[in-house]
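Asks: Predicted coordinates and the sequence they were generated for:
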Amino acid sequence: MSLKDQITDDMKAAMRAKEASKLATIRLLTAAMKQKEVDERVELDDGMVLAIIEKMIKQRKDSVQQFEAGGRQDLADIEKAEIEVLATYMPAALSDEEVQAAVSAAVAETGAAGPQDMRKVIDVLKQKLAGRADMGKVSGLVKAALSK
């Protein structure tokens, strides 16, 4: 079963169980997926769906920070609940050691010699680590590895 089908099934289950907040979050996700399909005229695969989910989680984390800074804990709690629902579709996160090993392997695979080759390494890692690691951290690790 594809991730897209699983999300559709979960939306139906949330409707039957009358879970309003979960249903609203899943509907936002399906709307974002349909928008991507219409805009780019493609059928989404699991990787593309994961990228959409990752983007939505990042947006909500930013919103949580803004709401907490503005003293709106009620809105921050709503965003946190949405993050929890979206996170259920993400694959298990990699440990720091696994990410470091992947960075080292990608540097060796691409033959990167210095900071000018960072883009090549990041492109390889995006495919391998999509949804399983924070790409901000990965970027920092790549930069450190290529600066040596």
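Replies: That came in fine, so what should we check first?

Asks: And residue 63, how far from residue 76?
Replies: According to CB to CB, to the nearest Å, residue 63 stands 8 Å off from residue 76. For the C-beta atoms, the positions are set from N, CA and C on the backbone; glycine is no exception.

Asks: Please read the previous query as pertaining to residue 67.
Replies: Separation of residue 67 from residue 76 (CB to CB) stands at 4 Å.

Asks: Could you do residue 99 as well?
Replies: 28 Å.

Asks: Repeat that for residue 10.
Replies: Residue 10 is 24 Å from residue 76, where distance means CB to CB.

Asks: do residue 120 as well
Replies: Residue 120 is 39 Å from residue 76, by CB to CB.

Asks: List the buried residues of the helix or strand that contains residue 98.
Replies: Using DSSP states H and E, residue 98 sits within helix 96-110. Using 16 or more other CB atoms under 10 Å as the test for burial, helix 96-110 gives 99, 102-103, 106-107, 110.

Asks: cool, stretch 70-82 as well?
Replies: For stretch 70-82, burial by neighbour count (16+ other CB under 10 Å) applies to 76, 78-80, 82.

Asks: okay, the residue lying closest to residue 37 once chain neighbours are set aside: pLDDT?
Replies: Spatial nearest neighbour of residue 37, chain neighbours left out: residue 44 (5.8 Å); criterion: CB to CB, 6 or more residues apart in numbering. For residue 44, the model assigns a pLDDT of 88.

Asks: let's have the chain start at 643 instead
Replies: Renumbered: residue one is now 643, and that last one reads residue 686.

Asks: show me what contacts residue 686?
Replies: Applying CB atoms under 8 Å, 6 or more residues apart in numbering to residue 686 gives the contacts 646, 675, 678-679, 694.
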